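Chemist: Could you look at this predicted model? Sequence included:
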Amino acid sequence: MYQYDYYDQTLVDERVAQYRGQVQRYLAGELSDDEFRPLRLMNGLYLQRHAPMLRVAIPYGLLSSRQLRTLAHIARRYDKGFGHFTTRQNIQYNWPKLEETPDILAELAQVQMHAIQTSGNCIRNVTADHLAGVAPDEIEDPRIYCEIIRQWSTFHPEFSYLPRKFKIAVTGAAYDRAAAQVHDIGLNLVRAETGQIGFRVLVGGGLGRTPLIGRVIREFLPERDLLTYLEAILRVYNQQGRRDNLYKARIKILVKALGTEKFRTQVEAEWEQIRNSGLALDQAEIERVRRYFSPPPYETNAVDDLSFEQWLKADKAFADWIKQNIAPHKIAGYRNVFVALKEPHVPPGDISADQMDAVADIADHYSFGMVRSTHHQNLLLTDVRQADLYPLWHTLKSQKLAAPVIGTLADMICCPGLDFCSLANASSISVADQINEKFDRLDYLYDLGDLRLNLSGCMNACGHHHVGHIGILGVDKKGEEWYQISLGGSSENDVSLGDILGPSVPKTEVANTLERILRVYVEYRENDERFLDTFRRIGLEPFRVRAYAPGSHEAKQEEQRHAVGY
Amino acid sequence: MQSVIKDRRIVEDRWQHVADDAELPAGPVIVSLARWRKEQAVLRERGEWVGVRLPNTTNIADLAADLPTLALVALEFPKFADGRAYSQARLLRERHGYQGEIRAVGDVLRDQLFFMARSGFDAFELRADRSLEDALEAFNDFSESYQPAADQPLPLYRRRSGA
Ligand code: SF4
């Protein structure tokens, strides 16, 4: 992974000093709430419902065991012994004290970590495919470019007060595992026929109130032009993005208003002016950064191990776990192992300090000391030898980190909701609980197959409900929590936004409604068709008709709406 | 006379902001873009320095021809969180090679000075209730920067040892 040199370390240390001064001035009354807000946000600090929330950056989801131990220490010392992994591969602490946040940042700086630009109207932490560097279908390792983008975007003088937040995701494989199409900028690494590496550039994707899928504004951008092109896009956005309305300030609204063509023309015109500036990437710099991501020393005979096959046959529970929680690895004899943060009765993405320490030990033992966080709020150990999978599984099980549910309905994405977030309409976490209770039988979960369930507590869509195969959104109806369900979303290559089922349902009915929807799926599916594919084949109607409890107010509402032809 | 920060020092301000309907006083004046457009001839003939105050929506390219005669361009921050003027300043310096004073006016606060300076601002009219002495410290917030900007044409990696 990338290692700080004198310069990187100095910048992070200076940031801690700067922030410490800002907190002191705020506490002394020299900075108003309004003045302090963007400063603290650019250091990841929210002032929330119950307490401040601190979001720590995990650049493109990569952590060393040493860093993870520091995260555990922070959870213990400054929080209530927990951390929460987010859909953008970061970690959040829900109970730090404002006065102590500079100390937390100082502890992070000691292990080359920070909370820089994890919030605020600036360029946020860049995210990547969690299988970067180990995916069999990889064209090029996106982490190299993520790190280059991280450095360029850190303390960017021109783009620290943008109209709104700005998120970039980079994918390096044929398959999009980073939801790049719903980011402000999505970059897909591609290889031209000449063998040259470059990027397909998408702009203007995003969820929230106005969900939109990104538009391709350039099919091939050579790697040397990466930063100049990004700078051109950001400059057009900084000058023209709307600042009069919070909900219309994202770049997607600008791209939509101008039209893709006009936006592209403006970006290209700006880019022409700067493409040969000092910002053009040097091949030597790409190579320098690449060296930090060279593969670990794999054993060439890892594939000769026979014990793995034997345990697969001998232990059904192990075989289930392997089937669900393992992703293929590009090196024969190695596997990528998901550490599931989806234990029933634990909020999705939550992990205790003791579990973090345990995962750090496991990583040292089995995966070259490296851990990753994923977009789906789990952890991942890359580079595990197949011979080690059985003992590793036992250790994970003893830590309650082996729920064999990756990719199933129980592998939900869920935002913190009412429990922590001041914007929430809904207690997403207790709804997740309700669903887990209803669908607690593994054989049923396995029968339902690949299913992405995404849950957001409000329109801001931190839980990415629009792109869940099934999406659930908390809405407020006269002070009561209701839930709107949508079907048919996806954030992967086959990207789509879900269709709203119909009237929202009361909190008590969420799991029951899901059950009825899934019964329709099981009836209609052909062979081993996924839920999403069945939905795409048969459409919303069969689900709509049977989703609501017979005789319920919602069912009647639906019938009436249908009877009058909407 | 009011004090401003200029080239990282506190100095007495020689410039006067002049409202559109006010008489032109003796000495260097800063006028609105509208007034500059209307009274350019008069302003040029006075033999005094002229500065123009631009809204942050002005396209800098539209002003390119006038730049050689302008000793100062004042860029506005209606709210400190409105960052459009950072782009204007960089364009003035980096694209149009503007050498005169670029002055930040409006909601100008210490915590943004470092970024403003990097973008090409060299003069700052701080909000009246703030200490200029304290604000001077902001220029030293960081000793290095990753990306090129108006103050530094090369990225940090070109200065890393062994690079
Ligand atoms: S979706 Fe809404 S409730 Fe959930 S974390 Fe985001 S802002 Fe908070």
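Modeler: Perfect, I can see it now.
Chemist: Assign a three-state SS to B:Val52, would you?
Modeler: What DSSP: H, G, I helix; E, B strand; the rest coil gives for B:Val52 is strand.
Chemist: Okay, it and A:Phe293: tell me how far apart.
Modeler: Using CB to CB, to the nearest Å, B:Val52 is found at 49 Å from A:Phe293. Where C-beta positions appear, they are placed from N, C-alpha and C, glycine not excepted.
Chemist: Which one's more surrounded, those two?
Modeler: B:Val52 (26 against 17; other CB atoms under 10 Å in any protein chain shown).
Chemist: for the more buried one, what are its contacts?
Modeler: B:Ile30, B:Val31, B:Ser32, B:Leu33, B:Trp36, B:Leu63, B:Asp66, B:Leu70, B:Leu72, B:Val73, B:Ala74 (CB atoms under 8 Å, 6 or more residues apart in numbering or on different chains).
Chemist: Correct me if wrong: the fourth one contacts B:Thr57.
Modeler: No - under the criterion of CB atoms under 8 Å, B:Leu33 is not in contact with B:Thr57, lying 10.3 Å apart.
Chemist: The two: who's more crowded?
Modeler: Using other CB under 10 Å, the more surrounded residue of B:Leu33 and B:Thr57 is B:Leu33, with 17 against 11.
Chemist: Just the pLDDT at the more buried one, thanks.
Modeler: With respect to pLDDT, B:Leu33 scores 96.
Chemist: repeat for A:Arg561
Modeler: Note on A:Arg561: pLDDT of 68.
Chemist: Could you look up the SS state of the closest residue in space to B:Phe124 that isn't next to it in sequence?
Modeler: In this structure, B:Phe124 finds its nearest non-sequential neighbour in B:Ile5, 4.3 Å apart by CB to CB, 6 or more residues apart in numbering or on different chains. Secondary structure, three-state DSSP: B:Ile5 is strand.
Chemist: Tell me, how many residues neighbour B:Ile5?
Modeler: Neighbours around B:Ile5, by other CB under 10 Å: 27.
Chemist: can you tell me which residues contact it?
Modeler: B:Ile5 is in contact with B:Val11, B:Leu113, B:Ala123, B:Phe124, B:Leu126, B:Leu132, B:Ala135, B:Leu136, counting by CB under 8 Å, 6+ apart.
Chemist: try it again with 10 Å
Modeler: Neighbour list for B:Ile5: B:11, B:13, B:103-104, B:108, B:110, B:113, B:117, B:121-126, B:132-133, B:135-136, B:138-139 [criterion: CB atoms under 10 Å, 6 or more residues apart in numbering or on different chains].
Chemist: what domains does the record give for chain A?
Modeler: With domains defined by automatic domain parsing, chain A comprises A:6-109, A:134-291, A:307-398, A:426-563.
Chemist: To chain B, which of these lies closest?
Modeler: Closest approach to chain B among the domains of chain A is made by domain A:134-291 (2.8 Å; CB to the nearest CB).
Chemist: quick one: contacts for the residue in chain B that chain A sits nearest to?
Modeler: Chain B approaches chain A most closely through B:Gly83 (2.8 Å), counting by CB to the nearest CB. Going by CB under 10 Å, 6+ apart, B:Gly83 touches A:121-122, A:157-163, A:238-239, A:243, B:56, B:77, B:112, B:115-116, B:119.
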